[in-house]
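Asker: Whatever this is, show me its structure:
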Amino acid sequence: MTDVKSGFSRRTMIKGAAWSVPVVAAAFAAPMAAASASPQAELRFFLTAGEVIGQGASTGQIRSNGVRISPADPSAPKVVAAGTVFEITIEYHGTNPAFDFLKTPYGVDWNKQQSRGWTFTTISSTKLVLSYVTSADSTEPTGTSFSWVLDPSVRPEDGSITFSGVASIARGGDYPDGGVIPNLIVDPNGGTGSLSGPTAGSWPV
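Answerer: This is a model prediction of the structure:
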């Protein structure tokens, strides 16, 4: 049937609609794709001032001033939603069978109390896994300090303690789909000690 007023057949109108719909969809899809952000590309996950150190004549310790997420481009800060989870893994890779995270002078529960805000999900002789959940939206969310006191009679070898971590970005803020930052970066400002092992002469003897 032909529309007398316009001169277009119904078939012509249907054919026109068939090719015009994808063009409209593409027009909406392009801005949405441009607005989508990748936390892995735009954010960095840092361990700050971490060290393995001896303390006086009584204890050794693994500690950090905390962790943080910072924008890769400081001039373009991004809002990271509350509920973001920091997970830190501390592992011993040495060969001394006497080394044991569980053999701590003041007990495991006391050590947990030194790391308030962190939940220890794994505690074994060679591995600690702890996590922290942020409570507020922030352009530079942080996790508080943590520490683990060690048996002073067993000095971990240089390079035998490693830190790794993953940040799971909550949905919201500038990242409506959330995301993951899979690599923890050791902050160049390493504090007073070193992640690679106790500072020279610092371990109790």
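Asker: my read: residue 133 touches residue 87, true?
Answerer: No: between residue 133 and residue 87 there is no contact under CB atoms under 8 Å: 10.1 Å. The C-beta positions use only the backbone N, C-alpha and C, and glycine is treated the same way.
Asker: higher neighbour count, the two?
Answerer: residue 87 (18 against 15; other CB atoms under 10 Å).
Asker: is the more buried one in a bridge, and if so with what?
Answerer: residue 131, residue 166 (DSSP bridges).
Asker: Quickly note the distance from it to residue 154.
Answerer: 26 Å (CB to CB, to the nearest Å).
Asker: Give the rounded mean pLDDT of stretch 145-153.
Answerer: Stretch 145-153 comes out with an average pLDDT of 91.
Asker: Tell me the buried residues in that stretch?
Answerer: 145, 146, 148, 149, 150, 151, 152 (16 or more other CB atoms under 10 Å).
Asker: ok, of the residues you listed, which one's closest to residue 180?
Answerer: residue 146 (21.2 Å; CB to CB).
Asker: What distance do you get for the closest one to residue 49?
Answerer: Between residue 146 and residue 49 the distance is 11 Å, computed by CB to CB.
Asker: Could you tell me which residues touch both of those two?
Answerer: Common neighbours of residue 146 and residue 49, counting by CB atoms under 8 Å, 6 or more residues apart in numbering, are residue 64.
Asker: which stretches of the protein have low pLDDT?
Answerer: Scanning the chain for pLDDT under 70 picks out the ranges 1-36, 55-57, 188-197, 199-201, 205.
Asker: Which ones among the buried residues of stretch 145-153 lie within strands?
Answerer: With DSSP state E as the criterion, strands contain 146, 148, 149, 150 from among these.
Asker: Adding distance to residue 58, write the residues you listed out as JSON lines.
Answerer: Output for those, formatted as JSON lines (distance: CB to CB, whole Å):
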{"residue": "146", "distance to residue 58": "20"}
{"residue": "148", "distance to residue 58": "15"}
{"residue": "149", "distance to residue 58": "9"}
{"residue": "150", "distance to residue 58": "11"}
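Asker: wait, which of those residues is closest to residue 124?
Answerer: For these, the closest approach to residue 124 (CB to CB) belongs to residue 148, at 12.4 Å.
Asker: check contacts around residue 183.
Answerer: Neighbouring residues of residue 183 by CB under 8 Å, 6+ apart: 45, 165, 166.
Asker: Over to residue 59?
Answerer: Contacts for residue 59 (CB under 8 Å, 6+ apart) come out as 105, 149, 150, 152, 204.
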